[in-house]
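Student: Model the structure of this input:
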Amino acid sequence: MLAFDLIAEQRISEALERGELDHLPGAGQPLQLDDDRLVPEDVRMAYRILKNAGFVPPEVQTLKEIGALQRLVQSLEEGEQRTLALKKLHLLAMQLGETRGGYLQQAITYYDKIVSTLA
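Tutor: The predicted model follows:
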C-alpha cells in the first residue's frame, strides 16, 4: 500500500503546482464533520467525500421522493393527479420495503453462515 500512497501524494503535489486544486468549491471553508462512529473506519472517508459531493444512497433518495410525494398528495384535491401521485407513492414504498427486506435477508444469511462455521 505504500507505493499507492506515494503515487497519490506525487499526483496531488503535481496538481497543486499546476494550480488545478485552486478555487475548488468549499475551499477555505471548514469541513462538516458528522458523527460517523457507526460507519466502518475503512469506508468513512469515502462516505464523507460522497456525502460532501451531494451523492446519497439510493434508499435515501427514495425516502426523499416519498416525502415529496406525501406532501404533494396532501396538497392535491381528489382527481386523476392525486390518484397518480398515490400510485407512485405506493410503488416507491413497496420498492423501499423490498430493498430493506433484501438487506435483512442478506444479514440473516450471513449470520447463518457464521453460526454454521462456528458450530
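Student: need the helix or strand of this structure with the lowest average pLDDT.
Tutor: Ranking every helix and strand in the chain by mean pLDDT, DSSP states H and E puts helix 80-118 at the bottom, with a mean of 73.
Student: for the helix or strand encompassing residue 5, the distance to its chain's centre please.
Tutor: Using DSSP states H and E, the element containing residue 5 is helix 2-18. The chain centre lies 28 Å from the centre of helix 2-18; the measure is Cα atoms, centre = their mean, to the nearest Å.
Student: ok, residues contacting that helix?
Tutor: Surrounding helix 2-18, the residues in contact under the criterion Cβ atoms under 8 Å, 6 or more residues apart in numbering are residue 21. In short, each C-beta sits where N, CA and C put it, glycine included.
Student: For residue 62, what are phi and psi?
Tutor: Main-chain dihedrals, residue 62, degrees, to the nearest 10: phi -60, psi -40.
Student: Residue 12 versus residue 6, what's the distance?
Tutor: Per Cβ to Cβ, to the nearest Å, residue 6 is found 11 Å from residue 12.
Student: Do me a favour and average the pLDDT over stretch 22-42.
Tutor: The average pLDDT within stretch 22-42 is 77.
Student: Give me the distance between the two termini of that stretch.
Tutor: From its first residue to its last, stretch 22-42 covers 28 Å (Cα to Cα, to the nearest Å).
Student: Tell me how far it lies from the chain's centre.
Tutor: Centroid separation between stretch 22-42 and its chain, computed with Cα atoms, centre = their mean, is 15 Å.
Student: Give the helix, strand or coil label for residue 39.
Tutor: coil (DSSP: H, G, I helix; E, B strand; the rest coil).
Student: That'll do, ta.
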